[in-house]
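Whatever this is, show me its structure:
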Amino acid sequence: MTELTEQMRAVMQPTHEMVGNISSRLAALELKVVSMDAELKKQVSEVQLALKGVATSAELVALTERVVLLEEHMRDVRVLHLADD
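Here you go, the predicted structure:
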């Protein structure tokens, strides 16, 4: 019986070692994936902030154009008002 147990251990030992190695590699891979995920989330946040800045700049350009148009309109109204006097 002891011989059979020793033979079974001899057969199972390589498999046990292989499973242990795979388990260690999977744990390391999981840590790497978590780290990469955190880095990608950080980069996505940075891009989102940059896009908000671009949208804000675009809004500022549109508002500036609108102010210019309003100023031109006010000049025209003043000119018309002065012409009526």
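
Tell me how far the one helix or strand Ser24 maps to lies from the chain's centre.
Using DSSP states H and E, Ser24 sits in helix 2-84. Relative to its chain's centre, helix 2-84 lies at 0 Å (CA atoms, centre = their mean, to the nearest Å).

and that helix, what does it pack onto?
Helices and strands touching helix 2-84, by 3 or more CB pairs under 8 Å, 6 or more residues apart in numbering; DSSP states H and E: there are none. All C-beta spots, glycine's among them, are computed from the backbone N, C-alpha and C.

Numbering from 55 from now on, please.
Understood, numbering begins at 55; the last thing we discussed is helix 56-138.

From the centroid of the protein, which residue is nearest?
The centroid of the chain falls nearest to Val98 when counting by CA atoms, centre = their mean (1.5 Å).

Which pLDDT value does the model give that one?
On pLDDT, Val98 comes in at 91.

The one 3 residues further on now?
According to the prediction, Val101 has pLDDT 88.

residues near Thr69, how many?
9 (other CB atoms under 10 Å).

swap in Arg132?
By other CB under 10 Å, 10 other residues sit near Arg132.

Could I get the CA-only coordinates of stretch 71-91 as CSV?
Presented in CSV, the C-alpha positions along stretch 71-91 are these (Å, rounded to 0.1, in the frame of the first residue of the first chain):
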residue,chain,number,x,y,z
GLU,A,71,4.0,21.6,-9.5
MET,A,72,2.6,22.5,-12.9
VAL,A,73,-0.7,23.7,-11.3
GLY,A,74,1.2,25.7,-8.8
ASN,A,75,3.2,27.4,-11.5
ILE,A,76,0.1,28.2,-13.5
SER,A,77,-1.6,29.5,-10.4
SER,A,78,1.4,31.8,-9.7
ARG,A,79,1.5,33.0,-13.3
LEU,A,80,-2.3,33.7,-13.2
ALA,A,81,-1.9,35.7,-10.0
ALA,A,82,0.9,37.8,-11.6
LEU,A,83,-1.2,38.3,-14.7
GLU,A,84,-4.2,39.4,-12.7
LEU,A,85,-2.1,42.0,-11.0
LYS,A,86,-0.8,43.2,-14.4
VAL,A,87,-4.3,43.4,-15.7
VAL,A,88,-5.5,45.4,-12.7
SER,A,89,-2.5,47.8,-13.1
MET,A,90,-3.2,48.2,-16.9
ASP,A,91,-6.9,48.8,-16.2
